[in-house]
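S.K.: Give me a 3D structure for the following:
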Amino acid sequence: AQRLARLLGTDAGELQKKLADTRREFVYLKRQLPPDEAARVVALGIPGVFLQREYRRYYPAGEVTAHLIGITDVDGRGREALELAFERELAGRAGSRRVIKDRLGHIVEDMESIRAPQNGRTLALSIDARIQYLAYRELKAAVAAHQARAGGIVVLDAATGEVLAMANAPSFNPNNRDRFDPRRARNRAVTDLFEPGSTLKPFTAAAALEAGTVRPESVIQTAPGQFAIGNRVIHDAHPQSALTVAQVIQKSSNIGAAKMALDLKPETLWSLFH
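M.R.: I've put the predicted structure just below:
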């Protein structure tokens, strides 16, 4: 037990507890050993210790796509992200046959097929691997540069709405299940809530341009940094003076965006945001 525990990297006491459990026909000593480690265990020649070949999912992109693709458990069942969401489609279904066995459990006659097995289906994503890599690289660098706790990024095809990239930082390595931290597995880009804020200003500008009430070079006065609408007062974090429509977006002026919105007909805004 001492030699076996050393090879398996486990505690000898825990190993003894597993071996003392007589309620089961067999017990796993360790799952998914690399072939070289398994060969060293067999070389010990310990009676009753057997190997069983099994497989593990390998993720070529590692942490770059970890939050998208997810991870499986030791039995190959999806536990996070797309692996979990499409578990039934990806896993397929085992078949069954009626057979006759001898008293040693050997199959001596194959009688009939009860249910044919079904292969898992292929799942194709809209993700562009190159854009995904660049998005993750830049996000990871930005989080480090600004000493942020975390960050998320999504890249969409403006024409179709398809997701071309989606990344989060910090990430995790799905190929190292032993060091998996569930707190790092959260896909912040789709689970966390954020106020839309200034991301709506380009839509306001687009609606005003489409309605013909402004042009890119149209000038909007944003001084003195505050603007009253009814009983509300809109402020700019960094007060400016006269700005073009393009500069309103560039400077992210709340006042400029509000004044553009006031020139629009109600139905224009309704069709854009409803």
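S.K.: which SS state does residue 110 fall under?
M.R.: Applying DSSP: H, G, I helix; E, B strand; the rest coil to residue 110 yields a three-state assignment of strand.
S.K.: What residues are bridge-paired with it?
M.R.: With DSSP bridges applied, residue 110 shows beta-bridge pairing to residue 99.
S.K.: So residue 134: helix, strand or coil?
M.R.: Quick answer, by three-state DSSP: residue 134 is helix.
S.K.: That one and residue 17, how far apart?
M.R.: Distance, residue 134 to residue 17, by Cβ to Cβ, to the nearest Å: 49 Å. For glycine as for every other residue, the C-beta is placed from the backbone atoms N, C-alpha and C.
S.K.: of the two, who's got more company?
M.R.: residue 134 (16 against 11; other Cβ atoms under 10 Å).
S.K.: which residues does the more buried one contact?
M.R.: Going by Cβ atoms under 8 Å, 6 or more residues apart in numbering, residue 134 touches residue 165.
S.K.: Apply 10 Å and report the result again.
M.R.: If you count contacts by Cβ atoms under 10 Å, 6 or more residues apart in numbering, residue 134 has them with 64, 128, 153, 155, 165, 167.
S.K.: quick one: which of these sit in strands?
M.R.: 153, 155, 165, 167 (DSSP state E).
S.K.: Please identify, among those, the one with the most neighbours.
M.R.: residue 167 (30 neighbours).
S.K.: was I right about that one contacting residue 187?
M.R.: Yes - applying Cβ atoms under 10 Å, one finds residue 167 in contact with residue 187, separated by 9.4 Å.
S.K.: Return every residue with contacts to both of these two.
M.R.: Contacts common to residue 167 and residue 187, judged by Cβ under 10 Å, 6+ apart, are 66-68, 152.
S.K.: any low-confidence regions in this structure?
M.R.: 265-274 (pLDDT under 70).
S.K.: Over to the one residue sitting closest to the centre of it. Which of the three states is it?
M.R.: By Cα atoms, centre = their mean, the chain has its centre lying nearest to residue 67, at 2.0 Å. What three-state DSSP gives for residue 67 is helix.
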